[in-house]
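Pasting the sequence and the predicted model now:
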Amino acid sequence: MVFGCNNRETVINEPREIIIEWNNNLNKKNFDNLSELYGENVLYYGERKNKNACIRDKNLFMKKNNSFSQKIDVNKIDVAEQNPGIYECKFEKEVTISGISKIYPSYIVLKESDNKLKIITESDEITDYFLARKFVSELSIQGDFNGDGRVEKLSEVLFEPESKKIYRKKNQILRCFILMEI
């Protein structure tokens, strides 16, 4: 007689399935289903937000960038259990907007809540790099860039990535733009 089973493969595959579902819902712009994947409060690209604010940000972004698509190699989603019921999922996402593709080394942290895994953290290494450095270049402009009716600051920054694993090119300088609420 078997009373219970702790199948490690099932435990690790479930977070991958959430990441695949998250990606599919983003590409389909299905914000209702996407909302169901988030916990009530999320550390969202360095800011604490409730899930409604996260979904609103994504919705506004998609309206401004209607050609958005995103690809994730499902075989390259690394899952690590940080604590019981908390999983960090690392992956590279290839984001394409207006025919221009960029790769972002990204991660999502999932936490078990009411027997379901929910997204509690969403970010990428580039955002984290800038948040840690708190570096903003002199070149910046202000305006309503995400369509939410509030003024943001758009700053251009240049940096040399520390992680050769991610960017693979020696002496590559990255040019990025950061959008910050004022």
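Looks like it came in fine. Numbers count the residues shown, from 1 in each chain.

Any idea which helix or strand in this protein has the lowest mean pLDDT?
Within the chain, no helix or strand scores below helix 164-167, which has a mean of 44 by mean pLDDT, DSSP states H and E.

Now do stretch 93-104, average pLDDT.
For stretch 93-104, the per-residue pLDDT values average out at 93.

Can you give the contact residues for that stretch?
Counting contacts by Cβ atoms under 8 Å, 6 or more residues apart in numbering, the residues outside stretch 93-104 that touch it are 23, 65, 67-72, 92, 106, 124-126. C-beta: built from backbone N, CA, C; applies to glycine.

Among those, which one lies nearest to E36?
Of all these, the one with the least separation from E36 (Cβ to Cβ) is N23, at 14.5 Å.

and the closest one, what element?
According to DSSP states H and E, N23 maps onto helix 8-28.

Following the chain past that helix, name the next helix or strand.
The element immediately downstream of helix 8-28 (helix or strand, assigned by DSSP H and E) is helix 31-36.

if we can go back for a sec, just the CA coordinates for the helix holding N23, please, in CSV.
Only the C-alpha atoms of helix 8-28 are listed here, as CSV (Å, rounded to 0.1, in the frame of the first residue of the first chain):
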residue,chain,number,x,y,z
ARG,A,8,11.4,15.1,-7.5
GLU,A,9,10.9,15.2,-11.3
THR,A,10,7.3,16.3,-10.9
VAL,A,11,8.2,19.0,-8.4
ILE,A,12,10.8,20.4,-10.8
ASN,A,13,8.6,20.2,-13.9
GLU,A,14,5.7,22.1,-12.4
PRO,A,15,7.7,25.4,-12.2
ARG,A,16,8.8,24.9,-15.8
GLU,A,17,5.1,24.5,-16.8
ILE,A,18,4.2,27.8,-15.0
ILE,A,19,7.0,29.6,-17.0
ILE,A,20,5.7,28.1,-20.3
GLU,A,21,2.2,29.2,-19.4
TRP,A,22,3.4,32.7,-18.4
ASN,A,23,5.2,33.0,-21.8
ASN,A,24,2.2,31.7,-23.8
ASN,A,25,-0.2,34.1,-22.1
LEU,A,26,2.2,37.0,-22.7
ASN,A,27,2.4,36.2,-26.4
LYS,A,28,-1.4,35.8,-26.7
